[in-house]
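A.B. asks: Need a 3D model of the sequence below.
(2 chains)
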Number of protein chains: 2
Amino acid sequence: MPQFMDVHTSMVGVTADQLREAHQADLDIQGDEGVDFKQAWADPNTGHVFCLSEGPSAEAVKRIHERTGHPADEIHEITVTA
Amino acid sequence: MPQFMDVHTSMVGVTADQLREAHQADLDIQGDEGVDFKQAWADPNTGHVFCLSEGPSAEAVKRIHERTGHPADEIHEITVTA
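C.D. replies: Take a look at the predicted model:
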């Protein structure tokens, strides 16, 4: 299953509760697209959030984030890890 | 210990061997700065590489990547996860 790292760049000030709620909203519907969100890392100062997932395609990841109201600014397909 | 996600944006075409070598070079000297690089994820198509680490400061992470010849374009301090 391909892996993806998506990036949000406009979440300045995101709190732990807000990130947990946003992540949970994704988890609640991810099965519709066969996506599995693994983890989210946020830097509230710069507003960057990084989400690691597995799924069938970048488009599938994109649709989940759009439906939950926090579209990703970038979605990168991870094909090499170390 | 603070966590950091640093981003490289100019590694188009990076291979598994190249990423492993770059990551190993960081691991070899990270102790000099008290940094612990956890994992690296690469998208060779867009040239983006994401590195997760723990360390005392963003500057410490920055110095390790600079000394090994692959400076980070962004370093984000991760203070919220989900």
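
A.B. asks: can we go C-alpha only for contacts and neighbour counts from here?
C.D. replies: Will do.

A.B. asks: ok now stretch A:48-64, how far from the chain's centre?
C.D. replies: 5 Å (CA atoms, centre = their mean, to the nearest Å).

A.B. asks: End to end on it, go ahead and measure it.
C.D. replies: End-to-end distance for stretch A:48-64, by CA to CA, to the nearest Å: 18 Å.

A.B. asks: cool, stretch A:27-38 as well?
C.D. replies: OK, stretch A:27-38 end separation, CA to CA: 9 Å.

A.B. asks: Next, the contact list for the residue most central in space within chain A, please.
C.D. replies: For chain A, residue A:51 is the residue whose C-alpha lies nearest the centre (CA atoms, centre = their mean; 3.8 Å). Shown in contact with residue A:51 (CA atoms under 8 Å, 6 or more residues apart in numbering or on different chains): A:4, A:5, A:6, A:7, A:37, A:38, A:39, A:40, A:41.

A.B. asks: so of those residues, which ones are in strands?
C.D. replies: Among the contacts of residue A:51, the ones falling in strands (DSSP state E) are A:4, A:5, A:6, A:7, A:37, A:38, A:39, A:40, A:41.

A.B. asks: Contacting chain B as well, which ones from these?
C.D. replies: With CA under 8 Å from any CA of the partner chain as the criterion, the ones in strands among the contacts of residue A:51 include A:39, A:40, A:41 near chain B.

A.B. asks: Can you add distance to residue B:58 and give those back as a markdown table?
C.D. replies: Formatted as a markdown table, these follow (distance: CA to CA, whole Å):
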| residue | distance to residue B:58 |
| --- | --- |
| A:39 | 21 |
| A:40 | 19 |
| A:41 | 16 |
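
A.B. asks: Quick check: PyMOL command selecting the buried ones in those.
C.D. replies: Here is the PyMOL selection string for the buried members of these, based on 16 or more other CA atoms under 10 Å in any protein chain shown:
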select buried, chain A and resi 40+41
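
A.B. asks: Name the residues of the helix ranked longest in chain A that are buried.
C.D. replies: If you go by DSSP state H, chain A has its longest helix at helix A:16-29. Using 16+ other CA under 10 Å as the test for burial, helix A:16-29 gives A:19, A:20, A:22, A:23, A:25, A:26, A:27, A:29.

A.B. asks: Now the two most distant members of these.
C.D. replies: Across those, no pair lies farther apart than A:19 and A:29, at 16.1 Å, counting by CA to CA.

A.B. asks: Can you pull the residues of chain A lying near chain B?
C.D. replies: For chain A, the residues in contact with chain B (CA under 8 Å from any CA) are A:15-16, A:19-20, A:23, A:39-44, A:46, A:48, A:76-82.
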